[in-house]
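J.: Sequence and predicted structure, then a few things I'm wondering about:
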Amino acid sequence: MSDVYAEPTTGADPADPATLARYTTLRLGGPAGRLETAASADEIVQKVREAELREDPVLVLAGGSNVVIGDQGFPGTVVLIRSRGYRVVTEEADTVTVRVQAGEPWDDLVAATVEHGWSGLECLSGIPGSAGATPIQNVGAYGQEVAETIVAVEAYDRSHRTVVRIAAEDCGFAYRGSIFKYSDRWVVLSVDFRLTRVPLSGPVRYAELARALGVEVGDRVPLADARATVLRLRAGKGMVLDADDPDTRSVGSFFTNPVLERAAYELFRERVGDLGDPPNWPCPGDRVKISAAWLIDKAGFGKGYPGPAGVAISSKHTLALTNRGGTAGTAALVALAREIRDGVHARFGVTLHPEPVLINCTI
C-alpha cells in the first residue's frame with residue numbers, strides 16, 4: 001500500500017483509470033487497467049478478491065505519496081483505499097490503544113492524538129500518508145518511528161485468503177522496512193497504536209528538533225509545541241503538501257540513509273578526505289547510518305539541481321526529487337535518480353537505495 005490522498009474520490013468525482021498521476025503526489029504515472037475505490041475494510045478485501053478471480057495483478061494505493069508509477073501505468077486492477085476513522089479499543093491507566101482504518105489520512109490522526117493528549121506520534125506530524133501505509137515502511141521522522149507504538153496490524157493475507165491480526169513483534173520492523181514492504185501478500189486493513197496518556201512529548205531525540213524547540217536533547221515539551229515545530233521544520237523543507245509549492249510534487253525523501261558495516265564505514269571515511277565526517281548515527285550490530293542528503297550534496301547535486309524535462313532536486317531539500325514543472329514523465333524522474341545514485345557511488349563508493357515503492361519503473 002502506498003500513502004496519502006493525492007486526490008480523493010467522491011461519488012460526484014469518480015475514480016478515473018485513464019491516468020494514475022492524479023492519485024500520486026508526484027503527479028506522475030500512466031493509466032490503470034481498472035480502477036476500484038474501497039471505502040471500508042470489507043470493501044478492500046472484496047475488491048482484491050474480485051481482481052484475483054479475474055486473475056488481474058493488483059496494486060493497492062491509498063493515495064500515492066510514497067510510490068513512483070511508471071509512464072506505462074499498471075496493467076491490472078488498482079484499488080484506491082478510502083476507508084476512514086479510528087476508535088479506542090483499550091483504555092488503561094497510562095495508555096490508550098487506538099484502532100485506525102487503513103485509509104485514514106495520517107496527519108489527521110496525528111492532530112487528533114495531540115488534541116486528545118495522547119503521546120507517541122507527535123513528531124510524525126505533517127507526513128503525507130495514510131495510517132495503513134505507516135507500518136509498511138516503518139515510517140519515521142525526528143526521532144520517532146511507528147514501530148515504537150504499533151501493537152498490531154490487521155491485514156488481508158492474499159496467500160491464504162484470510163484476514164489476520166499480526167502482532168508488532170511479527171511485523172519484521174526495521175529501518176524503513178517491514179514484512180509488508182515489497183510484498184504482494186499483505187493488504188493492510190487497520191493498525192492498532194498504543195499511546196501514552198500524557199500532555200508531553202516523548203523525550204526529544206533529534207538534535208535539529210531540540211534546537212528549534214529551544215530545549216536539550218532528551219527534554220520533553222507540550223505535545224502541541226512538538227507538533228507545531230515539526231510542521232514548521234517540514235514546511236521549510238517542502239515536505240508538507242502545498243498545492244502552491246512545486247517542491248511538494250515529490251515523494252518526500254527519495255533515498256534512504258545508507259547503513260554501513262563498520263569496515264565499510266571506515267573505508268568510506270578514507271574516501272571522504274577533507275570534506276569531514278558526514279552526519280552519522282550508530283546502529284545495532286556495530287553499524288553506522290550516514291546522511292544520504294550529505295552524500296548527495298557533496299557529490300555535486302545541490303538543492304535545485306536540474307534533471308531532464310522539468311524534474312529537479314527540491315530547492316529546499318536535497319533528498320526530494322520533484323516534478324517541479326508538473327509536466328514531466330516518470331522516465332525523466334528516474335533518469336535524475338539514476339544520475340544521483342551513480343554520482344554518489346562514483347564519489348564515495350556508497351550505493352543509495354530508493355525509499356518509495358517503484359511500480360513498473362526502476363533506477
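T.: Yep, it's here.
J.: measure the most centrally placed residue in the chain to residue 128 for me?
T.: When CA atoms, centre = their mean is applied to the chain, the residue found nearest the centroid is residue 66 (5.1 Å). Distance of residue 66 to residue 128, computed by CB to CB, to the nearest Å: 9 Å. C-beta here means a position set from N, CA and C on the backbone, and glycine is covered the same way.
J.: could you pull out the helices for the chain?
T.: Using DSSP state H, the helices of the chain run over 41-53, 106-116, 207-213, 223-236, 262-272, 292-298, 330-348.
J.: Looking at these, which is nearest to residue 80?
T.: helix 41-53 (9.1 Å; CB to CB).
J.: Point out where the stretch 1-150 of the chain drops to low pLDDT.
T.: 1-17, 63 (pLDDT under 70).
J.: Next, format the helices of the chain as TSV and append distance to residue 278 and mean neighbour count.
T.: Shown next, in TSV, are the helices of the chain (distance: least, CB to CB, whole Å; neighbours: other CB atoms under 10 Å):
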stretch	distance to residue 278	mean neighbour count
helix 41-53	42	18
helix 106-116	29	19
helix 207-213	14	17
helix 223-236	20	19
helix 262-272	7	14
helix 292-298	4	22
helix 330-348	9	19
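J.: mean pLDDT lowest for which of the ones you listed?
T.: Lowest mean pLDDT within these: helix 262-272, at a mean of 92.
J.: tell me what that one is packed against?
T.: Counting contacts by 3 or more CB pairs under 8 Å, 6 or more residues apart in numbering; DSSP states H and E, helix 262-272 is packed against strand 287-290, helix 330-348.
J.: could I get those as JSON lines with distance to residue 115?
T.: Below are those laid out as JSON lines (distance: least, CB to CB, whole Å):
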{"stretch": "strand 287-290", "distance to residue 115": "33"}
{"stretch": "helix 330-348", "distance to residue 115": "37"}
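J.: Could you point out which of these sits nearest residue 173?
T.: Across these, closest to residue 173 is strand 287-290 (CB to CB), at 15.6 Å.
J.: buried sites along the closest one?
T.: 288-290 (16 or more other CB atoms under 10 Å).
J.: ok, for residue 282, nearest residue in space, not its chain neighbours?
T.: In this structure, residue 282 finds its nearest non-sequential neighbour in residue 288, 6.3 Å apart by CB to CB, 6 or more residues apart in numbering.
J.: Please tell me how far the residue of the chain positioned farthest from its centre sits from residue 300.
T.: Distance from the C-alpha centroid of the chain, by CA atoms, centre = their mean, peaks at residue 274 (33.8 Å). Counting by CB to CB, the gap from residue 274 to residue 300 is 16 Å.
J.: do the same with residue 285
T.: Distance from residue 285 to residue 300, by CB to CB: 32 Å.
J.: for residue 44, same thing?
T.: Counting by CB to CB, the gap from residue 44 to residue 300 is 45 Å.
J.: Burial check on residue 215, number of neighbours?
T.: 15 (other CB atoms under 10 Å).
J.: phi, psi of it?
T.: Residue 215 adopts backbone torsions of phi -130, psi 180, taken as degrees, to the nearest 10.
J.: just checking, it touches residue 225?
T.: No. Taking contacts as CB atoms under 8 Å, residue 215 lies outside contact range of residue 225: 9.3 Å.
J.: can the helices of the chain go into a markdown table with extra columns for distance to residue 100?
T.: Shown next, in a markdown table, are those (distance: least, CB to CB, whole Å):
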| stretch | distance to residue 100 |
| --- | --- |
| helix 41-53 | 11 |
| helix 106-116 | 6 |
| helix 207-213 | 24 |
| helix 223-236 | 17 |
| helix 262-272 | 38 |
| helix 292-298 | 29 |
| helix 330-348 | 31 |
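J.: follow-up on the earlier one: quick one: the residue nearest to the centre of the chain and residue 261, what's the gap?
T.: 27 Å.
J.: Over to residue 105?
T.: Distance from residue 105 to residue 261, counting by CB to CB: 38 Å.
J.: So the two - more neighbours on which side?
T.: residue 105 (19 against 13).
J.: From start to finish, how long is stretch 245-256 in a straight line?
T.: With CA to CA, to the nearest Å as the measure, the ends of stretch 245-256 fall 23 Å from one another.
J.: What is the distance between that stretch and the centre of its chain?
T.: Distance of stretch 245-256 from the chain centroid (CA atoms, centre = their mean, to the nearest Å) equals 10 Å.
J.: next one: stretch 116-124
T.: Centre to centre, stretch against its chain (CA atoms, centre = their mean), the figure for stretch 116-124 is 18 Å.
J.: what comes up buried for it?
T.: 117-124.
J.: Please save the CA atoms from it in PDB.
T.: The C-alpha coordinates for stretch 116-124 follow below in PDB (Å, rounded to 0.1, in the frame of the first residue of the first chain):
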ATOM      1  CA  HIS A 116      -6.600  14.200  23.000                       C
ATOM      2  CA  GLY A 117      -3.400  14.400  24.900                       C
ATOM      3  CA  TRP A 118      -2.000  11.000  23.700                       C
ATOM      4  CA  SER A 119       1.700  11.000  23.300                       C
ATOM      5  CA  GLY A 120       3.700   8.900  20.700                       C
ATOM      6  CA  LEU A 121       3.000  10.200  17.200                       C
ATOM      7  CA  GLU A 122       3.600  14.000  17.600                       C
ATOM      8  CA  CYS A 123       7.000  14.000  15.900                       C
ATOM      9  CA  LEU A 124       5.400  12.300  12.900                       C
END
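J.: Need the contact partners of it.
T.: 96, 98, 106, 109-110, 113-114, 134, 139-144, 146, 148-149, 193-202, 204, 206, 209, 223, 226-227, 230 (CB atoms under 8 Å, 6 or more residues apart in numbering).
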